[in-house]
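Participant: Show me how the following folds:
(one chain, ligands or ions: 2)
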Amino acid sequence: MIWFKEFELQDSSVSLLVSLGCCFAFAICGVLETLHHKENGGRRIILSPQDIYNHLIKTKKENKSGCSLFTTVNWVRDNGCVLEETCPYKGTFKPASLERKPYLRITASRFINLTQEVSFSEKDKVLHKELQLAIRNGPVAAQMLWIKEMSRLKGDGVYSGPKDATAFGTPTDQLRHSVIIVGYGQERKNNQVKNYWLIRNSHGKTWGDKGYGKIDTAPCHGRLLVECACIILGVTYEKPNGEPY
Ligand SMILES: *[C@@H]1O[C@H](CO)[C@@H](O)[C@H](O)[C@H]1NC(C)=O
Ligand SMILES: *[C@@H]1O[C@H](CO)[C@@H](O)[C@H](O)[C@H]1NC(C)=O
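Facilitator: Ligands and ions are numbered 1, 2, ... in the order given. From the prediction side, this is the model:
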């Protein structure tokens with residue numbers, strides 16, 4: 001198993017039981033905090049998922065469904081991230097403050113749509129390989145299908161999807177969830193080989209294996225569980241007064 005240790009993620013969002021619909025903001029902040037740690041000699045910062053949430057979620061309907069990873073990354077590219085201390089986590093949407101001082105911005109990212117390879121053979125999965133390579137350098141934010149039974153996931157076995165295809169929603173009510181991929185690997189058990197993504201969830205330490213879970217990379221009823229990922233390729237830092245860091 002490739003398990004990305006050197007620039008370990010901060011513990012905050014694993015220990016915290018994040019409200020539904022806030023996952024996308026936690027996934028991006030977690031990845032950016034780790035990138036900052038790596039690029040700044042191990043110095044830690046805590047970014048504010050609440051600030052992203054306040055700006056992207058404005059109605060009760062959006063509060064329930066959350067926001068896509070793609071939209072979140074583009075928003076952080078255009079608007080930057082502020083520090084947690086200036087906008088602490090509340091777990092529900094608040095009117096967005098007009099006065100915000102971005103600490104960093106995303107300058108370059110690469111969106112990987114794994115579903116394009118849903119029917120490919122292992123050797124032809126170039127996007128899967130590209131994502132594995134990226135994970136060797138650090139954690140990557142990803143978006144997956146969310147099946148209700150996943151809330152009860154326990155232990156360190158690989159989750160391969162629901163037995164019954166109806167557990168997936170219809171195209172209009174299918175739930176999606178954002179997480180951080182921190183590794184990948186292969187499980188061999190009872191003559192079965194399963195390739196998996198090791199994800200860090202934001203549902204507290206009692207979920208899965210101390211907050212982490214292994215998700216099969218193979219399709220289930222013709223659908224991938226982890227559908228897409230966004231690799232952050234560059235960030236710029238800004239001083240609180242807006243000057244470059
Ligand atoms: C948003 O959803 C959370 C549950 O995920 C709930 O606790 C909160 O009250 C909701 N906020 C609004 C304004 O609807
Ligand atoms: C990913 O690719 C699939 C298959 O080509 C396509 O149907 C889907 O819309 C794409 N998703 C995104 C978010 O671009």
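Participant: Just say helix, strand or coil for Thr92.
Facilitator: Taking DSSP: H, G, I helix; E, B strand; the rest coil as the rule, one finds Thr92 in the coil state.
Participant: what's the distance between it and ligand 1?
Facilitator: Distance, Thr92 to ligand 1, by Cβ to the nearest ligand atom, to the nearest Å: 4 Å. C-betas here are computed from N, CA, C, even on glycine.
Participant: confidence score at that residue?
Facilitator: As predicted, Thr92 sits at a pLDDT of 71.
Participant: Now do the phi/psi pair for it.
Facilitator: phi -150, psi 160 (degrees, to the nearest 10).
Participant: That one: how many residues sit nearby?
Facilitator: Neighbourhood size, Thr92 [other Cβ atoms under 10 Å]: 13.
Participant: wait, it sits on Asn63?
Facilitator: Yes - contact criterion Cβ atoms under 8 Å: Thr92 and Asn63 qualify, at 7.2 Å.
Participant: Tell me the residues that contact both of the two, please.
Facilitator: By Cβ atoms under 8 Å, 6 or more residues apart in numbering, Thr92 and Asn63 have no common neighbours.
Participant: Tell me how far the residue nearest the centre of the chain lies from ligand 2.
Facilitator: Centroid-nearest residue in the chain, with Cα atoms, centre = their mean: Val179, separated by 2.8 Å. Using Cβ to the nearest ligand atom, we find Val179 at a distance of 16 Å from ligand 2.
Participant: List the single closest residue to that residue in space, sequence neighbours excluded.
Facilitator: Ile199 (4.4 Å; Cβ to Cβ, 6 or more residues apart in numbering).
Participant: So which residues of the chain form strands?
Facilitator: Using DSSP state E, the strands found in the chain span residues 2-3, 104-113, 140-146, 158-159, 175-189, 192-200, 212-216, 226-237.
Participant: how about the second one, does it reach ligand 2?
Facilitator: Spelled out, that is strand 104-113. Yes - if you take Cβ under 6 Å from any ligand atom as the test, strand 104-113 does meet ligand 2, through Asn113.
Participant: Any chance you could list what contacts that strand?
Facilitator: Outside strand 104-113, the residues touching it (Cβ under 8 Å, 6+ apart) are 32, 36, 47, 70, 73, 76-77, 79-81, 127, 130-131, 227-238, 245.
Participant: among these, which ones are buried?
Facilitator: For those, a burial check counting by 16 or more other Cβ atoms under 10 Å picks out 32, 36, 47, 73, 76-77, 79-81, 127, 131, 227-232, 235, 237-238.
Participant: which among those are in contact with ligand 1?
Facilitator: Among those, no residue sits close to ligand 1 (Cβ under 6 Å from any ligand atom).
Participant: Tell me which residues of the longest helix seen in the chain come out buried.
Facilitator: If you go by DSSP state H, the chain has its longest helix at helix 23-39. For helix 23-39, the neighbour count (16+ other Cβ under 10 Å) marks 23-37 as buried.
Participant: Which strands or helices does that helix pack on?
Facilitator: Contacts defined by 3 or more Cβ pairs under 8 Å, 6 or more residues apart in numbering; DSSP states H and E place helix 23-39 against helix 12-15, helix 49-56, helix 69-79, strand 104-113, strand 140-146, strand 175-189, strand 226-237.
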